[in-house]
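# what would the 3D arrangement of this be:
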Amino acid sequence: MRKKLKRGLIACLCACLLAGGATGCSRFENTEIVLTTGLTENQLFKVGSSVCTLPEAMIYVMDYQRQYESVYGVEMWEHDFGGITLEEYVKNIIVSQLAAMKAVTLLAKDYEIDLTESETENVKKAAKEYYSSMGSDAVKYMGLAQEDVENLYRDHVLSRKVYHEITKNVNTEVSDDEARIITVQQIKMDSVESAKKILEDLAEGKEFMTLASAYSQDSQITYTFGRGEKSSVYEEAAFALENDGVSDIIEEEDGYYILKCVNNFDREATEANKITMVERRRDEIFSEVYEDLVANTPSEFNTRIWEQIHFEDWKREIPESFLEVYSRYFEEE
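Below is the predicted model:
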């Protein structure tokens, strides 16, 4: 009997590794999780030679419980969201994130990466702070030892370092034009005749926004975007406009468009997009290495002990956030 861990996009994993974030991203699709009795009672799963214990997973359980109960409330865990409960959904996220991180740490030896003395010391300090903040009841419920916290913090730091090593030579040069973000208003119509009439009205001096509000068949009028987010025809017309310029009729499969440029170069958004584009390049480089790892790494999963974990079993104060403590000791690059 077998099942696979699901995943999202490579960029999400990188966000998780770099920020330690509980974002719901997953990364371990192709590696098979074999339901087995080969693990000890305290081991939740094994990815290659890397093991995740149940107490380590319980740290994530507590962090996610804090996050979701603050939004949805404690009574939402068993609510059905189209065939899956919130609890099942979040538990899947936890296993997927932890499996991805544990997998990436396997690459540390290949790249001769380890923690520095300073990083090791900060791991111990962070683990001590997190562990010391917990009451005895929480420690007992989670089955937690300070060593478990140290192991998880170490894996967070190590996986981040592996990611940086793999992507260190990425080209970070992005031109203004490549990253340019623009804002346009649009009028969408279902016939070329209607579009021609709009152009005539504009030529007579009628306001673009007034016509858009009255005649556009799209409820949204203003759009902000960069290159690659629209069709090539739409994009070419939009990026050719100067401020306040109006396009000719643009024919698309779903209708006809007329555009007006509101801002042909949003400096702040463009600078932010440069960062996003560089990170996307990093993700692409990292994904090549990661996908090869995924395809060749067997895993084992102890489904029986995981099925026994329920968020509603803990009704007391939730310990301090594991990830918030992490962020105090490790500034991300």
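# which elements pack onto the helix or strand hosting residue 93?
Per DSSP states H and E, residue 93 falls inside helix 86-105. Under the contact criterion of 3 or more CB pairs under 8 Å, 6 or more residues apart in numbering; DSSP states H and E, helix 86-105 touches helix 10-19, strand 43-47, strand 50-53, helix 54-72, helix 146-166, helix 267-295. Any C-beta I mention is one placed from the backbone N, CA and C, and that applies to glycine too.
# can you list the ones you listed in TSV and add distance to residue 82, mean pLDDT and mean neighbour count?
Putting the helices and strands packed on helix 86-105 into TSV (distance: least, CB to CB, whole Å; pLDDT from 0 to 100; neighbours: other CB atoms under 10 Å) gives the following:
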stretch	distance to residue 82	mean pLDDT	mean neighbour count
helix 10-19	21	41	22
strand 43-47	26	94	23
strand 50-53	28	96	21
helix 54-72	15	94	19
helix 146-166	32	97	21
helix 267-295	28	94	16
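# and the residue nearest to residue 265 when sequence neighbours are not counted, how far from residue 248?
Once flanking residues are discounted, residue 265 sits nearest to residue 180: 5.9 Å by CB to CB, 6 or more residues apart in numbering. Counting by CB to CB, to the nearest Å, the gap from residue 180 to residue 248 is 21 Å.
# tell me which of those two has more neighbours.
Shown here are residue 180 and residue 248; by other CB atoms under 10 Å, residue 180 has more neighbours (18 against 11).
# for that one, report the pLDDT, please.
For residue 180, the model assigns a pLDDT of 98.
# would you mind measuring from it to residue 154?
Taking CB to CB, one finds residue 180 at 42 Å from residue 154.
# hang on, residue 257 packs against residue 185?
No: with contact defined as CB atoms under 8 Å, residue 257 does not reach residue 185; the gap is 10.6 Å.
# look at the two and report which has more neighbours.
Ranked by neighbour count (other CB under 10 Å), residue 257 and residue 185 place residue 257 first, with 25 against 19.
# rounded mean pLDDT for the helix or strand hosting that one, please.
Here residue 257 is covered by strand 255-263, with elements defined by DSSP H and E. The predicted model assigns strand 255-263 a mean pLDDT of 98.
# alpha carbons of it, as CSV, please.
Extracted in CSV, the C-alpha atoms of strand 255-263 (Å, rounded to 0.1, in the frame of the first residue of the first chain):
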residue,chain,number,x,y,z
GLY,A,255,-13.6,39.5,-26.8
TYR,A,256,-12.3,42.9,-27.8
TYR,A,257,-10.3,45.3,-25.7
ILE,A,258,-9.4,49.0,-25.6
LEU,A,259,-6.7,50.1,-23.2
LYS,A,260,-5.7,53.3,-21.6
CYS,A,261,-2.3,53.6,-19.8
VAL,A,262,-2.5,55.0,-16.3
ASN,A,263,1.2,54.4,-15.4
